[in-house]
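Visitor: this one's sequence-less:
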C-alpha cells in the first residue's frame, strides 16, 4: 500500500507542505495549472530550492499580488471551490480540510460554523495552501498517510485577535488525537492550516508503523533557527508486505430501553461524523422481560471521550461499557477507473498480498444514479460486470 509519512520535527505549515509535495515529485506547472482553476485572482506561486542547516529542499511562497481585507465565511470559500473547474475529488478534499478548520474555530469562539469569519485562513494564500494540498495528495495517488509526533513550537503568535500563546487555540483543537510535542523551537511551528491538513489526511499516528521508503523530500519553511532546521520532511513509500494489518481499538456499548427510537438515527449520524468506524444496534431482552436496544460503537482509542459524550448527551443511557480489542483489517487500495458513466473510484482489498475483493464506492454509484436518473443497482451491477471482465 502506497503511503506518505509526515515527519514534522519542526512543525508544518501550508507552504511547507506544498514545498514538500513538489520536492517529492508533484510537477509545479501541473499544480499551478490546477490552482488556476479556482479562478481566484491576486496570487503568485514562487517555487525555489533553498537550504536549512545544509539540507536542500523546496521552498514555496504564496505571494499575494493585491491587497485584500476579505474576512470570508465558510460558505464563501465553499462557493469559490464549488464554482471552480477542479475535479470532484479535489473539491471534496479541499472542503473537508476547510470544514475541519471551521469546526475548530467555532469551538474556540463558541459560535456556529455558519457565523465563523475566516481571518488568516480565509486569505488568498491560505486558500491556495489548502486546495494545493488536496491537489498534491490526489496527484500522488497514495492510500494512506502516516503522521509522526508533531512539533508545535513555543512562545506567542500575533493574529487578528491579538497576541496568543502557541499553539493557537484553533491549532490546539485541530491536533486533538495527534501525538505532539512543544517547545522544540521558539516560534509557531505548526499553523492552523498545517494542523488541518494532518487532521484530514492522516490515517495512522502510530510511532512504530513500518514503511519501506522509496523517496525522501523536504519542504523549506520561512523561519531560521540556530539549532533545529525549519524543514518539513516527508517520506514516500509503501507499507511492508508482511506487516500485520491490525491494531488496538475500542468497542463501546450500552443498553437503552426508554428512548424514542427515532433518536437512534440521529445518534448514529453524529457518531459517524465524529469519525467512528461502525455503529450498530441489536434487539435485546432486559430485566423483567423489557425489550431494549444494545447500541454498539467501534472506534479508535483516541475517540473514546467523544463517543461517550455523544452517547450520554444524546441518549437516555445511564452507563457505558468499554472493551479494548484487536482489530484486523484488509489492506485497501483505491483507484480511479474509466466507465461508461465517466471516472469512478473502486476499492480493492488484499489479504497477505492477494486481492480478495473489488467493488465500486457506493456513494459514487449513488451520485451517478441521481445524475443519470437510473436505478443505483443498475450502476452498481454495470461497474461490477466491468471489474469482473477486466480480471
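Guide: Received it, and whenever you're ready, just let me know what you need. Source: prediction; values computed, not measured.
Visitor: so residue 41 makes contact with residue 64?
Guide: No. Counting by C-beta atoms under 8 Å, residue 41 stays clear of residue 64, with 10.2 Å between them. Quick note: C-beta positions are derived from backbone N, CA and C, even for glycine.
Visitor: Have a look at the two and say which one is more surrounded.
Guide: residue 64 (13 against 9; other C-beta atoms under 10 Å).
Visitor: which ones are touching the more buried one?
Guide: By C-beta atoms under 8 Å, 6 or more residues apart in numbering, the contact list for residue 64 reads 42-43, 123-125.
Visitor: Make a ChimeraX selection of whichever of these turn out to be buried.
Guide: Restricted to buried positions by 16 or more other C-beta atoms under 10 Å, the ChimeraX selection for those reads:
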select :43,123,124,125
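Visitor: Now intersect the contacts of residue 64 with the helices, please.
Guide: 124-125 (DSSP state H).
Visitor: pLDDT-wise, what's the bottom of the contacts of residue 64?
Guide: The lowest pLDDT within the contacts of residue 64 belongs to residue 123, with 84.
Visitor: can you tell me how far that one sits from residue 178?
Guide: Look at residue 123 and residue 178: by C-beta to C-beta, to the nearest Å, they are 24 Å apart.
Visitor: ditto for residue 318
Guide: Taking C-beta to C-beta, one finds residue 318 at 32 Å from residue 178.
Visitor: Same drill for the two, tell me which one is more crowded.
Guide: Neighbours per residue (other C-beta under 10 Å) separate residue 318 from residue 178, with residue 178 holding more: 18 against 10.
Visitor: quick one: the more buried one is in a helix?
Guide: No. With DSSP: H, G, I helix; E, B strand; the rest coil as the criterion, residue 178 is assigned coil and is not in a helix.
Visitor: Residue 148 contacts residue 10, doesn't it?
Guide: No. Contact criterion C-beta under 8 Å: residue 148 and residue 10 do not qualify, at 11.9 Å.
Visitor: Compare these two (neighbour count), which wins?
Guide: residue 10 (26 against 19).
Visitor: Quick check: the more buried one is in a strand.
Guide: No. If the criterion is three-state DSSP, then residue 10 is coil and not within a strand.
Visitor: Point to the residue nearest the middle of this structure.
Guide: Nearest to the centroid of the C-alpha atoms of the chain, with distances taken as C-alpha atoms, centre = their mean, sits residue 200, at 1.4 Å.
Visitor: Spatially nearest residue to it, not counting backbone neighbours?
Guide: residue 97 (4.7 Å; C-beta to C-beta, 6 or more residues apart in numbering).
Visitor: residues touching the one you found, list them.
Guide: Applying C-beta under 8 Å, 6+ apart to residue 97 gives the contacts 130, 133-134, 196-197, 200.
Visitor: Apply 6 Å and report the result again.
Guide: Counting by C-beta atoms under 6 Å, 6 or more residues apart in numbering, residue 97 touches 130, 196, 200.
Visitor: Nearest to residue 326, out of those: which one, please.
Guide: Residue 326 lies nearest to residue 200 out of the contacts of residue 97, by C-beta to C-beta, at 26.6 Å.
Visitor: Now do the contacts for the closest one.
Guide: By C-beta under 6 Å, 6+ apart, residue 200 lies in contact with 96-97, 100.
Visitor: Inside helices: which ones of the contacts of residue 97?
Guide: Reading helices off the contacts of residue 97 with DSSP H, I get 130, 196, 200.
Visitor: can you give me the strands for the stretch 251-391 of the chain?
Guide: Counting by DSSP state E, counting those that start in this stretch, one finds strands in the stretch 251-391 of the chain at the ranges 278-285, 291-299, 321-328, 331-339, 342-351, 354-360.
Visitor: Can you tell me which of these is most buried?
Guide: Compared across the strands of the stretch 251-391 of the chain, strand 291-299 shows the largest average neighbour count, a mean of 18 (mean count of other C-beta atoms under 10 Å).
Visitor: Listing partners with orientation, what would you give for that strand?
Guide: Sheet pairing of strand 291-299 (DSSP bridges) gives strand 246-256 (antiparallel), strand 278-285 (antiparallel).
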